[in-house]
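Enquirer: predicted coordinates and the sequence they were generated for:
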Amino acid sequence: MAIGSASLEPAEGGSRGRIARILGKAEDVGRIPTIAYVIGLVIVGTLSTAIWMTTVLLISAQEQVAAEVNVAGRQRMLSQRIAMIASNLESFRDATGKDPRGLVLGCADLMERAHYALLARQTEGLRATASEGISCQPGQTDRPDQGVMSDRISGAIFEGSSSLDTLLAEYISLARDVGNSTESPDADVAEIVRIAYQELPGKLDYHVRSIQAEGEESVKDLRLYKTLMWLATLLLLVLEVLLIFRPMTAMIRSAIGRLRETIGTLEERERALADANETILEGIQYAKRIQVGTLPDDKALDGIVDEVAMVWEPLQVVSGDYVWLEQRGDKGILFLCDCTGHGVPGAFITLVVAAALEKILESHALDDPGDILLRLDRAVRTRLRQDTPSDGTAGSGSDDGLEAALCLYDRRTGVLEYAGAGIPLVIKANDAVAEFKADRHRIGYRSVRIPDSFTVHRIDIQDGDTVYLYSDGVPDTMGGEPLRAFGRRRLHKLLSESSETVLSAQLSQLTDHLTAYRGEQQVRDDVSILAFRPIATGV
């Protein structure tokens with residue numbers, strides 16, 4: 001730029017003499033256009049490299065934000081897992097066969113490593129921590145040197161009398177006290193639950209918002225820098241055209257063409273990325289239409305039940321909850337399951353369950369719901385390769401499964417047979433609500449022992465009895481003041497007080513109540529409810 005300005009000003013010795021003096025070592029004024037052209041090419045190359053480096057930095061900044069948000073999210077999952085285990089140590093041991101205190105200690109160690117990775121702000125360390133998932137492997141590490149932080153990020157972590165850093169240290173200490181003690185003080189457990197569900201989510205959310213805001217500012221600055229580099233390149237090219245003789249014009253045009261091609265390639269890649277995202281979203285929407293199409297017809301049990309209604313609300317477009325209704329002879333089959341996760345992963349598990357259940361029902365007699373659940377457990381483990389040792393290959397390490405409930409209703413005898421794996425059955429009779437508890441066994445899961453049997457409840461159905469099955473997205477709905485789960489007791493009370501006789505209207509009233517209870521809290525899980533009124537014998 002300075003060369004261009006000097007060459008345009010009249011001065012002693014002429015413009016070429018001024019350029020020669022500025023260049024210092026230019027002995028032949030006739031070589032000035034070539035030198036200027038070479039210098040211009042060097043600058044263009046430098047700017048093109050700067051644009052490329054800016055793109056690399058954009059990607060790196062986005063990866064850093066994604067990694068930090070992922071690790072911060074896992075902090076919440078780990079804290080709530082610790083709270084869940086600490087609240088029910090013996091129940092967890094009975095259900096999983098694992099040492100709950102060892103898991104609490106492992107999760108506390110993993111929370112500490114995740115926090116240290118966030119403090120260090122090194123992408124590789126964040127990825128390494130994220131790759132551990134919520135496996136809760138034990139192992140501590142020294143607190144690292146603090147990475148470069150903006151005032152916003154530092155404030156989100158360290159500011160306040162009860163900062164995120166202090167709160168995490170307190171929480172991890174409480175968790176280790178519970179994990180190391182033979183009898184966990186109720187006060188410690190209550191404090192763990194309170195921090196996990198009340199304080200930590202808000203601070204982690206604020207931390208995540210700070211990370212995202214800083215990332216957005218960084219991306220905005222980098223994009224502005226890339227734009228300035230692009231404008232500077234164009235300006236340089238214009239000056240080159242004005243200052244270099246005609247023989248150089250073709251070369252300059254070629255350089256402009258190459259530059260435009262580079263910019264076009266970047267824009268084309270951005271458009272391709274946008275198209276890919278749109279294609280993925282369209283695919284998921286189409287998958288939802290397919291999944292909705294697999295839901296049962298409300299006429300599927302005509303002649304077996306007097307009325308049936310269902311609520312099926314996915315958290316993320318597609319659902320990890322699945323419902324099956326079928327009539328065979330005088331028997332009606334009603335099945336509801338809640339698979340691991342939600343969204344696309346959960347929906348994939350429902351496909352495995354649907355295929356396995358259909359094959360079992362086609363191949364075996366419908367006389368024992370407990371036996372059907374046992375066969376479903378074996379089938380799921382086989383299809384997910386959970387019955388063989390993990391060798392580290394894709395799919396061989398699956399630790400997925402489901403909660404389920406299966407009912408067989410015989411119209412001739414008026415007897416409802418129920419077996420449950422984590423999903424209870426509720427019957428409302430004359431405004432009184434009774435719950436039949438499910439077994440603690442779950443179906444599938446590599447880390448859970450294989451069940452030997454499922455308890456079968458046989459219930460005589462009376463005219464007007466209403467039966468309900470629901471996934472844990474219903475009682476686990478968070479809301480109220482102070483923040484807590486909706487809970488089964490509230491749900492049973494609401495069912496007993498319901499004045500609606502039409503089941504579809506009753507379930508609509510229930511979902512409205514859940515929405516009001518949740519308030520501004522986000523939905524956290526798929527929600528499914530199945531309600532039906534069997535036709536009693538002699539009706």
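Expert: Thanks, I have it.
Enquirer: what segments of this structure are strands?
Expert: 305-313, 321-328, 331-339, 401-410, 415-421, 425-429, 432-436, 443-444, 457-460, 466-470, 478-479, 484-485, 527-534 (DSSP state E).
Enquirer: which one of these lies nearest to Ser498?
Expert: Closest to Ser498 of the strands of the chain is strand 425-429 (C-beta to C-beta; 8.1 Å). Bear in mind the C-beta positions are built from the backbone N, C-alpha and C, glycine included.
Enquirer: can you name every helix or strand that that closest one contacts?
Expert: If you count contacts as 3 or more C-beta pairs under 8 Å, 6 or more residues apart in numbering; DSSP states H and E, strand 425-429 packs onto strand 432-436, strand 466-470, helix 488-497.
Enquirer: CSV for these, including mean pLDDT, distance to Ile443 and mean neighbour count?
Expert: Formatted as CSV, these follow (pLDDT from 0 to 100; distance: least, C-beta to C-beta, whole Å; neighbours: other C-beta atoms under 10 Å):
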stretch, mean pLDDT, distance to Ile443, mean neighbour count
strand 432-436, 92, 18, 14
strand 466-470, 95, 15, 24
helix 488-497, 90, 21, 15
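Enquirer: ok, the nearest residue to Ala128 once chain neighbours are set aside to Leu110 distance?
Expert: Distances taken as C-beta to C-beta, 6 or more residues apart in numbering put Ala117 closest to Ala128, at 7.4 Å, once the chain neighbours are dropped. Separation of Ala117 from Leu110 (C-beta to C-beta, to the nearest Å): 10 Å.
Enquirer: burial count for Asp460?
Expert: 11 (other C-beta atoms under 10 Å).
Enquirer: ok, it touching Gly414?
Expert: Yes - using C-beta atoms under 8 Å, Asp460 is in contact with Gly414, at 6.2 Å.
Enquirer: looking at the strands of the chain, which is closest to Gly179?
Expert: Per C-beta to C-beta, nearest to Gly179 of the strands of the chain: strand 484-485, 23.9 Å.
Enquirer: quick one: Leu503 and Met310, what's the gap?
Expert: Noted for Leu503: a distance of 9 Å to Met310, by C-beta to C-beta.
Enquirer: between these two, which one's more packed in?
Expert: Leu503 (23 against 19).
Enquirer: mind listing what that one touches?
Expert: Residues near Leu503 by C-beta atoms under 8 Å, 6 or more residues apart in numbering: Glu307, Val308, Ala309, Thr466, Ala531, Phe532, Arg533.
Enquirer: of those, which is the nearest to Thr477?
Expert: Distances from Thr477 to the contacts of Leu503, taken by C-beta to C-beta, are shortest for Ala531, at 17.3 Å.
Enquirer: list the contacts of that closest one.
Expert: Ala531 neighbours (C-beta under 8 Å, 6+ apart): Val308, Ala309, Met310, Thr466, Val467, Tyr468, Leu469, Leu503, Gln506, Leu507.
Enquirer: now with 7 Å?
Expert: For Ala531, the contact set (C-beta atoms under 7 Å, 6 or more residues apart in numbering) comprises Ala309, Thr466, Tyr468, Leu503, Gln506, Leu507.
Enquirer: so the first one touches Ser504, yeah?
Expert: Yes - at 4.4 Å, Ala309 counts as touching Ser504 under the criterion of C-beta atoms under 7 Å.
Enquirer: which one of those two has more residues nearby?
Expert: Ala309 (18 against 15).
Enquirer: residues contacting the more buried one?
Expert: Leu503, Ser504, Leu507, Ala531.
Enquirer: let me know the distance separating Val456 from Leu469.
Expert: Distance from Val456 to Leu469, by C-beta to C-beta: 15 Å.
Enquirer: any weak-confidence spans in the stretch 101-250 of the chain?
Expert: Filtered on pLDDT under 70, the stretch 101-250 of the chain yields the residue ranges 184-185, 237, 240-250.
Enquirer: and the helices in it?
Expert: 123-131, 151-158, 164-180, 186-194, 200-243, 249-294 (DSSP state H, counting those that start in this stretch).
Enquirer: among those helices, which is nearest Thr54?
Expert: Between the helices of the stretch 101-250 of the chain, helix 200-243 lies closest to Thr54; by C-beta to C-beta that is 4.2 Å.
Enquirer: please name every helix or strand in contact with the closest one.
Expert: Packing contacts for helix 200-243, counted by 3 or more C-beta pairs under 7 Å, 6 or more residues apart in numbering; DSSP states H and E, involve helix 2-8, helix 32-87, helix 151-158, helix 164-180, helix 249-294.
Enquirer: go with 6 Å
Expert: Helices and strands touching helix 200-243, by 3 or more C-beta pairs under 6 Å, 6 or more residues apart in numbering; DSSP states H and E, are helix 32-87, helix 151-158, helix 249-294.
Enquirer: tabulate those helices (TSV), appending mean neighbour count and distance to Arg93.
Expert: Shown next, in TSV, are the helices and strands packed on helix 200-243 (neighbours: other C-beta atoms under 10 Å; distance: least, C-beta to C-beta, whole Å):
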stretch	mean neighbour count	distance to Arg93
helix 32-87	18	9
helix 151-158	17	35
helix 249-294	12	36
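Enquirer: CSV for those, including distance to Pro369?
Expert: Shown next, in CSV, are the helices and strands packed on helix 200-243 (distance: least, C-beta to C-beta, whole Å):
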stretch, distance to Pro369
helix 32-87, 28
helix 151-158, 51
helix 249-294, 21
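Enquirer: looking at those helices, which has the lowest confidence?
Expert: Looking at the helices and strands packed on helix 200-243, the lowest mean pLDDT belongs to helix 32-87 (a mean of 75).
Enquirer: just want the angle from that one to helix 249-294.
Expert: When axes from the mean of the first three to the mean of the last three C-alpha atoms, to 10 degrees is applied, the directions of helix 32-87 and helix 249-294 differ by 20 degrees.
Enquirer: now helix 32-87 against helix 186-194, angle please.
Expert: Going by the same axes, to 10 degrees, helix 32-87 makes 140 degrees with helix 186-194.
Enquirer: what number of residues lie near Ser471?
Expert: Neighbours of Ser471 (other C-beta under 10 Å): 31.
Enquirer: any idea how far it lies from Val311?
Expert: For Ser471, the distance to Val311 - C-beta to C-beta - is 10 Å.
Enquirer: got it, and Thr54?
Expert: Taken as C-beta to C-beta, the span from Thr54 to Val311 is 49 Å.
Enquirer: do Tyr322 as well
Expert: For Tyr322, the distance to Val311 - C-beta to C-beta - is 14 Å.
Enquirer: and if you look at Ala516?
Expert: 15 Å.
Enquirer: who has more neighbours, the two?
Expert: Val311 (21 against 9).
Enquirer: residue contacts, the residue nearest to that one when sequence neighbours are not counted?
Expert: Closest residue to Val311 apart from its sequence neighbours, by C-beta to C-beta, 6+ apart: Ile529 at 4.2 Å. By C-beta atoms under 6 Å, 6 or more residues apart in numbering, the residues touching Ile529 are Val311, Tyr470, Leu507.
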